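**Student:** okay, sequence plus prediction incoming.
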Amino acid sequence: MTIGVWIIFAALLAANALYVAAEFGAVGVRRSRVRRLSEDGNVFARRLLPYVEDAAALDRYVAASQIGITLSSLILGAYAHATATPALTPWIARHLAGPLGLDAEAITSAATVTVLIILTAVQVVLVELIPKSIALQFPTETALGTVMPMLGSVRIFRPVIFVLNGAATAVLRLFGGGPTTHRHLHSPQEISLLIAESRDGGLLEPDEHKRLQRALQLSLRTASDLMVPRGRLTMLNADTPWTDVIRVVAASPFSRLPVYRGTPDQIFGIVRVKDLVRRFLTDAATPLDRLDPLIRPVPRIPADLPADRIIGALRAKRAHLAIVVDKDAPEHVVGMVTIHDVVGALL
């Protein structure tokens, strides 16, 4: 084969590798990093930014790279069959035909299969694995380095992208699905790695790093891990005399006291110390016969509720705290948890 043939082979492999790297680079790059580079005047970042900030535009960008991968692979395969197979056939005929007893048709088939195997191995290593590895390790540099040829590809392939995306959407709708877009998603492990890299790079103080790590691990803790156990709670019986209520409140370190009727498992509300003090100061001469006018409702949550869902549950009930009950016996109170307990786990 001539030098020109080898140059064409190299060009097709390079084009294929470029599209692979561009796809993984665009999906893996951080938008905040691209935005910062764009604000600093980086021309390539300014051209890439509209695609990484808009999911639909990123979808078209990735579609262009996938079309480029497919076309370059098909052209490379056809060109290899047209050039490499005829060049390899005489060698097989001289060295293998006699010992293996191959006829002319078998020699051609052997040459075709050999070229296919070699081409596949080269593509997997040089075009798939290496560009993908580089793009995942250096997503920002890869995305910026491939953005200019990719912008040209997006323009050239725009009609094809429109038709193929429309066909894909129609097929998905037939099966009850809908159109999907590429988004920048990170697993908790990846986020943890990014936080560690930011700390090592001096962008995060040790305390900030610790708080962010705790936030990621919050879902591993439950209400039972954060609550004040029932044995440490100061509770009031709904029928407690007013003078005894004042004495209990004065001795308690808590600002909100659960109220029960009958047994401590029958908690049906809470009393705020602020409300009790206000009532005592404004109308001390006429003490309350019952606490009911000052009692506020309180929600209940299971002891196994993940800590990262406690705040959502409290917000939904417009409550500051909740009574924690046994997950297997909801009638059994095991403690009380507040928003401050969740925040304390972070800080």
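**Tutor:** Nice, I can see it. Numbers count the residues shown, from 1 in each chain.

**Student:** residues touching residue 134, list them.
**Tutor:** 21, 142 (CB atoms under 8 Å, 6 or more residues apart in numbering). Every C-beta, even on glycine, is put in place using the N, C-alpha and C of the backbone.

**Student:** where in the stretch 151-300 of the chain is pLDDT low?
**Tutor:** Within the stretch 151-300 of the chain, the segments meeting pLDDT under 70 span 176-194, 197-199, 201, 216-217, 284-289.

**Student:** if we use 80, what do you get?
**Tutor:** 164-166, 168-220, 242-243, 280-292 (pLDDT under 80).

**Student:** helices of that one, start to end?
**Tutor:** 158-174, 188-200, 206-217, 223-226, 242-251, 273-282 (DSSP state H, counting those that start in this stretch).

**Student:** what comes up buried for the last one?
**Tutor:** Within helix 273-282, the residues that qualify as buried are 275, 276, 279, counting by 16 or more other CB atoms under 10 Å.

**Student:** tell me what angle that helix forms with helix 242-251.
**Tutor:** 130 degrees (axes from the mean of the first three to the mean of the last three CA atoms, to 10 degrees).

**Student:** packing partners for helix 273-282?
**Tutor:** helix 242-251 (3 or more CB pairs under 8 Å, 6 or more residues apart in numbering; DSSP states H and E).

**Student:** just the CA coordinates for the helix it packs on, please, in PDB.
**Tutor:** Extracted C-alpha coordinates of helix 242-251, given in PDB (Å, rounded to 0.1, in the frame of the first residue of the first chain):
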ATOM      1  CA  TRP A 242     -50.600  24.900  86.100                       C
ATOM      2  CA  THR A 243     -48.200  25.400  89.100                       C
ATOM      3  CA  ASP A 244     -46.600  22.100  88.300                       C
ATOM      4  CA  VAL A 245     -46.300  23.100  84.600                       C
ATOM      5  CA  ILE A 246     -44.400  26.200  85.600                       C
ATOM      6  CA  ARG A 247     -42.000  24.200  87.800                       C
ATOM      7  CA  VAL A 248     -41.300  21.600  85.100                       C
ATOM      8  CA  VAL A 249     -40.700  24.300  82.500                       C
ATOM      9  CA  ALA A 250     -38.300  26.200  84.800                       C
ATOM     10  CA  ALA A 251     -36.200  23.100  85.300                       C
END
